[in-house]
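Colleague: No sequence on hand, only this structure:
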């Protein structure tokens, strides 16, 4: 493990911070038993408190600054819910070390067809090589520090930058950045099935299930606000009401027009391609005013009219966030500008 840096991509929110701390302790205890020494282990929100650490790119500069010209050859990135078996991991990295052309390893994901979340990008020229692959972040992945240094120089020089300014799927976008394409492509991810998606005897890593922290929170402590449009009142909105909407106590649709049959109320924001943020803020303001005299409401759940939801599972997940920060925001993360040299290479 002398050649490995364990990097736990974490968040400062109390629940996630506690899970990250337990994972760090587990890794340290394993290596202590194996080698009678402590490994190099980092919790990112404590050791590298940079914006956008979840995209990995802002972590590259501080990691190389700390470990270049050291004995470190690999950086392992894991999420807080990633299980790590250090003996198997050290074996996997030792095997990869013997192959000079292997620059980064992990569990490979790939697209069977162009998808909207990846901006419909598809690498047909790689089909004979097995297609364009990117790592499953929940299983962890490892990069040679040599590759990280090369990537930082390319970003600094302007030879590499994200295809889009927005970060939506950081695993895919990182793989895009490394590969680059064109006349000087970088290395593709090398599939390594010791990085697993479910636990197995030969797994070095695998994602743990998101557990429950005690009993689920009461469903009626959540106000469900659904963003819709008058053109979908008779279709999408009706489906919501017939499916998961049947299982909630406080459901309100917010639209560009009033419709008492749903019920839907107008936000006063016209429907347009660029009005999503304004509509979201208007909905939050309206909901906050609505629940002023509903002290039992502890959460606001904002959904689109095509959101698929398991209400019971949501209540179980939210059980882990009792008594944390006064304002806790949960959801899918989107970022902006993390692939620029001002962010990634500084």
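Modeller: Structure received. No experiment lies behind these values; they were computed from the predicted model shown.
Colleague: what are the ranges of the helices in the stretch 101-250 of the chain?
Modeller: Along the stretch 101-250 of the chain, the stretches classed as helices by DSSP state H, counting those that start in this stretch are 145-157, 170-179, 236-242.
Colleague: Name the next helix or strand downstream of the last one, please.
Modeller: I take that to be helix 236-242. Next helix or strand after helix 236-242 toward the C-terminus (DSSP states H and E): strand 251-255.
Colleague: which secondary structure elements does that next one contact?
Modeller: Counting by 3 or more C-beta pairs under 8 Å, 6 or more residues apart in numbering; DSSP states H and E, the packing neighbours recorded for strand 251-255 are strand 222-227, helix 236-242, strand 264-266, helix 276-290. Glycine gets a C-beta too; all of them are placed from N, C-alpha and C.
Colleague: Any idea which of those gets closest to residue 148?
Modeller: helix 276-290 (34.2 Å; C-beta to C-beta).
Colleague: Quick check: mean pLDDT of the closest one?
Modeller: In this model, helix 276-290 has an average pLDDT of 92.
Colleague: Buried residues of it, list them for me.
Modeller: For helix 276-290, a neighbour-count test (16 or more other C-beta atoms under 10 Å) marks 279, 280, 282, 283, 286, 287, 290 as buried.
Colleague: my guess is the last one contacts residue 223, does it?
Modeller: Translated: residue 290. Yes. In this structure residue 290 lies within contact range of residue 223 using C-beta atoms under 8 Å: 7.3 Å.
Colleague: which neighbours do these two share?
Modeller: With contacts defined as C-beta atoms under 8 Å, 6 or more residues apart in numbering, the residues shared by residue 290 and residue 223 are residue 252.
Colleague: so, if you compare the buried residues of helix 276-290, which one comes nearest to residue 97?
Modeller: Of these, the one sitting nearest to residue 97 (C-beta to C-beta) turns out to be residue 280, at 47.9 Å.
Colleague: my guess is that closest one contacts residue 227, does it?
Modeller: Yes. Counting by C-beta under 8 Å, residue 280 does reach residue 227; the two are 7.0 Å apart.
Colleague: okay, and the common contacts of the two?
Modeller: Common contacts of residue 280 and residue 227, defined by C-beta under 8 Å, 6+ apart, comprise residue 302.
Colleague: Mind splitting this protein into its structural domains?
Modeller: Per automatic domain parsing, the domain ranges recorded for the chain read 4-210+334-344, 219-321.
Colleague: Need those in CSV (columns: distance to residue 328).
Modeller: CSV is the format used below for the domains of the chain (distance: least, C-beta to C-beta, whole Å):
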stretch, distance to residue 328
domain 4-210+334-344, 6
domain 219-321, 5
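Colleague: Determine which stretch of the ones you listed is the most buried.
Modeller: Comparing the domains of the chain on average neighbours per residue, with mean count of other C-beta atoms under 10 Å, the densest one is domain 4-210+334-344 at a mean of 18.
Colleague: if we can go back for a sec, residue 128: which of the buried residues of helix 276-290 is nearest?
Modeller: Nearest member of the buried residues of helix 276-290 to residue 128, counting by C-beta to C-beta, is residue 280, at 44.0 Å.
Colleague: got a list of what that closest one touches?
Modeller: 227, 302.
Colleague: how far away is it from residue 245?
Modeller: 20 Å (C-beta to C-beta, to the nearest Å).
Colleague: ok, now residue 15?
Modeller: From residue 15 across to residue 245, the span is 28 Å (C-beta to C-beta).
Colleague: Check residue 205 too.
Modeller: Distance from residue 205 to residue 245, by C-beta to C-beta: 38 Å.
Colleague: Kindly report the same for residue 66.
Modeller: 50 Å.
Colleague: Now do the strands for the stretch 1-150 of the chain: every range, in order, please.
Modeller: Listed in chain order, the strands of the stretch 1-150 of the chain (DSSP state E, counting those that start in this stretch) span 4-9, 40-43, 74-79, 82-84, 104-106, 108-109, 134-135, 141-144.
Colleague: how about those strands, which one is nearest residue 235?
Modeller: Nearest of these to residue 235, taken as C-beta to C-beta: strand 108-109 at 32.2 Å.
Colleague: Any regions of the stretch 151-300 of the chain where pLDDT drops low?
Modeller: Scanning the stretch 151-300 of the chain for pLDDT under 70 picks out the ranges 162-164, 273-275.
Colleague: same thing but at 90, please
Modeller: 154-168, 180-185, 209-214, 269-278 (pLDDT under 90).
Colleague: ok so, going back, would you reformat the helices of the stretch 101-250 of the chain as JSON lines and include distance to residue 249?
Modeller: Shown next, in JSON lines, are these (distance: least, C-beta to C-beta, whole Å):
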{"stretch": "helix 145-157", "distance to residue 249": "49"}
{"stretch": "helix 170-179", "distance to residue 249": "36"}
{"stretch": "helix 236-242", "distance to residue 249": "13"}
